[in-house]
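[1] Below are the sequence and a predicted model for it; my questions follow.
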2 protein chains.
Amino acid sequence: MRADAKRNRERLIEVAHAVFKERGLDAPLDEVARRAGVGPGTLYRHFPTREALHEAIMATWIEEVSAHVEKAMATEGGCREKLLAWFEEYVSLLTRHQGAAAKITASLGCQDSPLRTKCQTYADANESVLTEMSDQGVLREGVDNLDVCRLLGGVATMADQSSLEPKDVRPMLDVIANGVLKS
Amino acid sequence: MRADAKRNRERLIEVAHAVFKERGLDAPLDEVARRAGVGPGTLYRHFPTREALHEAIMATWIEEVSAHVEKAMATEGGCREKLLAWFEEYVSLLTRHQGAAAKITASLGCQDSPLRTKCQTYADANESVLTEMSDQGVLREGVDNLDVCRLLGGVATMADQSSLEPKDVRPMLDVIANGVLKS
DNA sequence: CAGTGAAGCGGAGGGAGCCTCCGTTTCACG
DNA sequence: CGTGAAACGGAGGCTCCCTCCGCTTCACTG
C-alpha cells in the first residue's frame, strides 16, 4: 500500500472512532470523510460499507477482551460474584459506542457478516467463563453459550437505547445469573 | 373532524400497517403517503412524527394483550409452564413488526414518549402475571417487573434482528424463567 | 533526476428520504 | 348558493448515501 493511502486509512479510523463515539454508529459517513480532510470517494474506497468501518474501529477493543475476562475472574468472592462481574464487563464492552450492542449481537448468528470475527471473540470469551463455571459444577445443565450471549446482548441493547446506568442493569444480570447457575 | 380528513386518516393507518409489515417500522413515510394516494403534507398533518404513526397502528394490537394473558394462563401444567407460555406470547406480541420490539421497550423508561401508554399496557400485563406467580409463592424475592419487561424486550429485539424462530428463542426464555422463579 | 504508469484522490452529482410551506381545493354550515 | 375555515398535495430544500471519473501523487526505473 502506498504511503499516502496508509496515512489516510489510519486517519480515517481515528476520526471515525471519534465521530462514532460522539454521534453513535449511525453517524453520517460524509462527516467522517470531511473531518478527516478527505473526499467521500476516498473513504468509500478504504471502507466500502459502514460495517467495514465499524469492523476497523472495533479491532482495538477486541484486543482488550481477554484482559477483561481475567479482571472479572479475579473478583473477590464465589462463582456467582465472578460471573456477575464478567456479565457487567461484557455489557460494558458492548455499549462503548451507541448502537454497537445491537449490531454486534445481531451478527452472532450469521456467518457472512464482516463483524463475525469480532463478535466471535466476545462469544469465545463468554464461553471460557461458562466453561470455568461448568468445571466447578455450578452451571445448570443445558445452558448454551449462544443463548447467554444473546441474552447479554439484549440487555446491552436495552441499556444502550434507554441510556441505563450500571445500577439499573445489574438486576437484569442478576436474573440471568440466577437462570444460569444451579439452585 | 371533517369527513374527508377522517377518511384519509383511516386510510393512512391502514396503509401504514401494511407498509410497516412489509418493510419494518423504518419504512419510508413518503411511500405510505404515496400508496395511500395522498400527498406527504397530508400524512404529516395527521401524524407529525413517525412515532405518532407507530402509536396509531399499535392501537389495535393493544386491545388483544389481555386476551393473550388469559390464553397463556390457561396453559396446562404448573406455574413454570404458564410463565413460559406468557413469555412466548409477550415476545411474539413485540415482534409483530420488524423493529417494534426495540422501540417499544426503549420507551418503557421514558415518560414523554408517544408510545408510553402502549408499552405500559405490555408492562401491566406482565405485572399481572408476575403478581399471580408471587401470590402462589413461586416467585423469587426482589424480582422487578420493569427488569423482566426489559429482559423480554431484549430477547424480542434479538429475535427480531436475527430473525430467530420460536425454537431458538425458547432457551433464552427458559433462562429468564429459571432466574425469576424459586429453586 | 526526469519520465512514466499505476495507485490513489476528491468532489460533483444523482438518488432516496425527510419534512415544510403555501397556493389551491373541498367541505360544512348558514 | 356563498363563504370561510379546514384540509389537501406536491414542489422543493435539506441531509445523507454512494459512484464515477478526470486529476494528482507516488514509487520505481533507466
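    Yes, it's here.

[2] Show me what from chain A comes close to DNA strand C.
    Within reach of DNA strand C by Cβ under 7 Å from any atom of the strand, chain A has these residues: A:1-2, A:4-5, A:7-8, A:37-42, A:45-46. Every residue, glycine included, has its C-beta placed from N, CA and C.

[3] Those residues: which ones sit near DNA strand D?
    Among those, DNA strand D is touched by A:Arg2, A:Asp4, A:Gly39, A:Pro40, A:Gly41 when using Cβ under 7 Å from any atom of the strand.

[4] Now the two most distant members of the residues you listed.
    The span of those, defined through Cβ to Cβ, is set by A:Arg2 and A:Pro40 at 19.5 Å.

[5] Looking only at neighbour counts, state which of these two leads.
    Here A:Arg2 and A:Pro40 are compared on neighbour count by other Cβ atoms under 10 Å in any protein chain shown; more neighbours surround A:Pro40, at 12 against 7.

[6] hang on, that one packs against A:Leu29?
    Yes: counting by Cβ atoms under 8 Å, A:Pro40 touches A:Leu29, with 7.2 Å between them.

[7] Nearest residue to A:Leu152 in space, please, no chain neighbours.
    A:Tyr90 (5.1 Å; Cβ to Cβ, 6 or more residues apart in numbering or on different chains).

[8] ok, so what distance separates that neighbour from A:Cys110?
    For A:Tyr90, the distance to A:Cys110 (Cβ to Cβ, to the nearest Å) stands at 20 Å.

[9] can you check A:Asp30 too?
    From A:Asp30 over to A:Cys110 the distance is 28 Å, taken as Cβ to Cβ.

[10] one step back: out of the ones next to DNA strand D among the residues of chain A next to DNA strand C, which are inside helices?
    Counting by DSSP state H, those place A:Asp4, A:Pro40, A:Gly41 in helices.

[11] what about the first one, neighbour count?
    I take that to be A:Asp4. Around A:Asp4 there are 9 residues (other Cβ under 10 Å).

[12] Report the contact partners of it.
    By Cβ atoms under 8 Å, 6 or more residues apart in numbering or on different chains, the contact set of A:Asp4 is empty.

[13] if I look at it, how far off is A:Ala33?
    Distance, A:Asp4 to A:Ala33, by Cβ to Cβ: 15 Å.

[14] returning to that earlier point: pick the one among the ones in helices among the ones next to DNA strand D among the residues of chain A next to DNA strand C closest to B:Arg23.
    Closest to B:Arg23, out of all of those and judged by Cβ to Cβ, is A:Pro40, at 26.9 Å.

[15] Helix or strand: which one has the closest residue to the closest one other than its chain neighbours?
    Nearest residue to A:Pro40, sequence neighbours excluded (Cβ to Cβ, 6+ apart): A:Ala33, at 4.7 Å. Element membership for A:Ala33, per DSSP states H and E: helix A:29-36.

[16] That helix - contacts with which helices or strands?
    helix A:3-23, helix A:40-46, helix A:50-62 (3 or more Cβ pairs under 8 Å, 6 or more residues apart in numbering or on different chains; DSSP states H and E).

[17] Point out the most buried one among the ones you listed.
    Ranked by average neighbour count under the criterion mean count of other Cβ atoms under 10 Å in any protein chain shown, those are headed by helix A:50-62 at a mean of 18.

[18] I'd like to know which elements that one is packed against.
    Where contact means 3+ Cβ pairs under 8 Å, 6+ apart, helix A:50-62 is packed against helix A:3-23, helix A:29-36, helix A:100-106, helix A:116-135.

[19] Quick check: which of these is nearest to B:Glu76?
    Closest approach to B:Glu76 among the helices and strands packed on helix A:50-62 (Cβ to Cβ): helix A:116-135, 32.8 Å.

[20] chain center to the next helix or strand after that closest one: distance?
    Where DSSP H and E defines the elements, the next helix or strand beyond helix A:116-135 is helix A:145-161. From the chain centre to the centre of helix A:145-161 is a distance of 10 Å (Cα atoms, centre = their mean, to the nearest Å).

[21] Send me the helix or strand bottoming out on mean pLDDT in chain A as PDB with only the CA atoms.
    Sorting the helices and strands of chain A by mean pLDDT, DSSP states H and E puts helix A:50-62 at the bottom, at a mean of 93. Extracted in PDB, the C-alpha atoms of helix A:50-62 (Å, rounded to 0.1, in the frame of the first residue of the first chain):
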ATOM      1  CA  ARG A  50     -20.400   1.200   7.000                       C
ATOM      2  CA  GLU A  51     -19.800  -2.100   8.600                       C
ATOM      3  CA  ALA A  52     -16.300  -2.300   7.300                       C
ATOM      4  CA  LEU A  53     -15.600   0.900   9.100                       C
ATOM      5  CA  HIS A  54     -17.200  -0.500  12.200                       C
ATOM      6  CA  GLU A  55     -15.100  -3.500  12.000                       C
ATOM      7  CA  ALA A  56     -11.900  -1.400  11.700                       C
ATOM      8  CA  ILE A  57     -12.600   0.700  14.800                       C
ATOM      9  CA  MET A  58     -13.600  -2.400  16.800                       C
ATOM     10  CA  ALA A  59     -10.300  -4.000  16.200                       C
ATOM     11  CA  THR A  60      -8.700  -2.200  19.100                       C
ATOM     12  CA  TRP A  61     -11.400  -3.200  21.600                       C
ATOM     13  CA  ILE A  62     -11.100  -6.800  20.600                       C
END
